[in-house]
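Engineer: this one's structure only:
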């Protein structure tokens, strides 16, 4: 990490994830203040989103001066030249949170200037779980190493995905049809970060999103790949689709991806 303190960064990131989880749980789902519309009726924010991100930014500025910050609610703060930058989604799954559905997450990661992930933390406040990874060091769940599933097929297993806010993304309907034909059960739960890390934990055999955004996707991407999952592409561009799959099912997933999604993007 070019002389930067990755151990210290991960320690602070986990402490912030623990704090954010308490904050989210403490308000109860649906009690984080009135939901307010941002870009569309399907894009909302609550007081909790903003309060969590403000606190996280303040801590990161104090502990890591000169490093950049990119957050879901307050945008980009440029860091020093050649410095890494943080990516923050304070409540990933705000719609679930605001409607009293207990499936959302806190997501925090650190990336090189070129966007390559250095560390990732995803917290599930309701299940009191914290997923972590550092580049080259493997992935952990509450401090215990985790690995992607050893399944050799998608058939009979779980595939996680998310809408693009309220809408299907190009190729998704065809992909769902092919997965149904394979008796692969699809789940759309409402939090990109939390859905992607289920592949890292071996709970889902694969996962896909139609639009990759670093603030909620990069930490989970690192956690999944450090757990042995394969990513297609390895590091998506902004708004590019992403597929994650357990190694043994990756060839099948890649072929489905090629015939349903890649040909339509």
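Structural biologist: Sure, I can see it. What you are looking at is a predicted structure, and each value in this text was computed from that prediction instead of being measured.

Engineer: so what's the closest residue to residue 43 other than its chain neighbours up against?
Structural biologist: Take residue 43 and drop its neighbours on the chain: the residue closest to it by C-beta to C-beta, 6 or more residues apart in numbering is residue 165, 6.0 Å away. From N, CA and C alone the C-beta is placed, and that goes for glycine too. Shown in contact with residue 165 (C-beta atoms under 8 Å, 6 or more residues apart in numbering): 40, 42, 43.

Engineer: Please verify my assumption that the second one contacts residue 98.
Structural biologist: Same thing as residue 42. No: Residue 42 lies out of contact with residue 98 (C-beta atoms under 8 Å); the separation is 11.6 Å.

Engineer: With neighbour numbers in mind, choose between the two.
Structural biologist: More crowded of residue 42 and residue 98, by other C-beta atoms under 10 Å: residue 98, with 23 against 13.

Engineer: contacting residues around the closest residue to that one other than its chain neighbours?
Structural biologist: Distances taken as C-beta to C-beta, 6+ apart put residue 35 closest to residue 98, at 4.2 Å, once the chain neighbours are dropped. Applying C-beta under 8 Å, 6+ apart to residue 35 gives the contacts 44, 45, 46, 94, 98.

Engineer: Let's have these in JSON lines, adding distance to residue 261 and secondary structure.
Structural biologist: Output for the contacts of residue 35, formatted as JSON lines (distance: C-beta to C-beta, whole Å; DSSP: H, G, I helix; E, B strand; the rest coil):
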{"residue": "44", "distance to residue 261": "27", "secondary structure": "strand"}
{"residue": "45", "distance to residue 261": "29", "secondary structure": "strand"}
{"residue": "46", "distance to residue 261": "32", "secondary structure": "coil"}
{"residue": "94", "distance to residue 261": "26", "secondary structure": "helix"}
{"residue": "98", "distance to residue 261": "30", "secondary structure": "helix"}
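
Engineer: how about low-confidence regions in the protein?
Structural biologist: Applying pLDDT under 70 to the chain flags the ranges 1-3, 28-33, 263-265.

Engineer: farthest residue from the center of it?
Structural biologist: Distance from the C-alpha centroid of the chain peaks at residue 181, with 27.6 Å (C-alpha atoms, centre = their mean).

Engineer: quick one: contacts for the spatially closest residue to residue 256 that is not a sequence neighbour?
Structural biologist: Spatial nearest neighbour of residue 256, chain neighbours left out: residue 178 (5.3 Å); criterion: C-beta to C-beta, 6+ apart. Residue 178 sits next to 256, 259, 260 when contact means C-beta under 8 Å, 6+ apart.
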